[in-house]
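> my questions are about this predicted structure, shown below with the sequence.
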Amino acid sequence: MSVTFPHNAPTSTVEAASSETSAPPVEQTALPAKPQRKIHISYQWFMLLGSMAVLAAAALLQLEPGGKVEMPGAGRLPALCMWKQTLGINCPGCGLTRAFVAIAHGQWVSAWQFNGASPFIFALVAYQVPFRAVQIWRMRNGKREYTHSPMLIALLAWGAVAALLAQWAWRMM
């Protein structure tokens, strides 16, 4: 015996006969599934081009013997650290530009001296280039993008912050 409700009651005897042999209609009152967060391809392009710009700038810039950064053909770049200009002390990120330039030119010891966290942060930036390129390729071919575990992302982000703060504290001693 089947129970019918007024909103899905059969309207004819043929429908009534067929409704007893077929499965009852599925109610569509269930809540829709929460859509997954999808990263847009424009974000992937932004991250790819931004990372490539940072690496290209590091490769194009030069270090003067005194540690100042120079753009060939344009001269010395001004210091940009507002913290240092305002407070007169280095910030946790001070030296990262010089360190990136040094790493791009294979001067690892100089990079370490400019900012001890620079090799780790440079590696994170360099990793973005192949990772984002693969993401763009996958998205263009209708495949799902790769995702890293939230734990890994948090570990790397907090690791970068901890490395910057640790090297800063070491220099302040």
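Perfect, thanks for sending it.

> quick one: low-confidence parts of the protein?
By pLDDT under 70, the low-scoring segments of the chain are 1-39.

> find the centremost residue of it, please.
The structure's the chain has its C-alpha centroid closest to Met47; by CA atoms, centre = their mean the separation is 6.8 Å.

> burial check on the nearest residue to it once chain neighbours are set aside, number of neighbours?
Once flanking residues are discounted, Met47 sits nearest to Arg132: 4.9 Å by CB to CB, 6 or more residues apart in numbering. Every residue, glycine included, has its C-beta placed from N, CA and C. Using other CB atoms under 10 Å, Arg132 has 21 neighbouring residues.

> Arg132 reaches Gln44, doesn't it?
Yes: contact criterion CB atoms under 8 Å: Arg132 and Gln44 qualify, at 5.1 Å.

> what is in contact with those two at once?
When CB atoms under 8 Å, 6 or more residues apart in numbering defines a contact, no residue borders Arg132 and Gln44 alike.

> one step back: can you name the element that comes right after the strand or helix carrying the residue nearest to Met47?
Assigned by DSSP states H and E, Arg132 belongs to helix 118-140. Going down the chain from helix 118-140, the next helix or strand is helix 150-172, by DSSP H and E.

> which strands or helices does that following helix pack on?
If you count contacts as 3 or more CB pairs under 8 Å, 6 or more residues apart in numbering; DSSP states H and E, helix 150-172 packs onto helix 118-140.

> now do the helix it packs on against helix 150-172, angle only.
Relative orientation of helix 118-140 and helix 150-172, computed by axes from the mean of the first three to the mean of the last three CA atoms, to 10 degrees: 160 degrees.

> what sits up against helix 118-140?
For helix 118-140, contacts defined as CB under 8 Å, 6+ apart pick out 39, 41, 44-45, 47-48, 50-52, 54-55, 58, 95-96, 99-100, 102-103, 108, 111-112, 144-146, 156, 159-160, 163-164.

> can I get it in CSV? Just the C-alpha atoms.
The C-alpha trace of helix 118-140 is given here as CSV (Å, rounded to 0.1, in the frame of the first residue of the first chain):
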residue,chain,number,x,y,z
SER,A,118,65.9,34.2,2.7
PRO,A,119,66.7,30.8,1.4
PHE,A,120,63.5,29.3,2.8
ILE,A,121,61.4,32.2,1.5
PHE,A,122,63.1,32.3,-1.9
ALA,A,123,62.4,28.6,-2.2
LEU,A,124,58.7,29.2,-1.4
VAL,A,125,58.5,31.9,-4.1
ALA,A,126,60.4,29.8,-6.7
TYR,A,127,58.1,26.8,-6.0
GLN,A,128,55.1,28.9,-7.1
VAL,A,129,56.3,29.1,-10.7
PRO,A,130,56.0,25.3,-11.6
PHE,A,131,53.1,24.8,-9.2
ARG,A,132,51.0,27.6,-10.6
ALA,A,133,51.9,26.7,-14.2
VAL,A,134,50.7,23.1,-13.6
GLN,A,135,47.5,24.5,-11.9
ILE,A,136,46.7,26.6,-14.9
TRP,A,137,47.4,23.7,-17.3
ARG,A,138,45.1,21.4,-15.3
MET,A,139,42.3,24.0,-15.1
ARG,A,140,42.4,24.7,-18.8
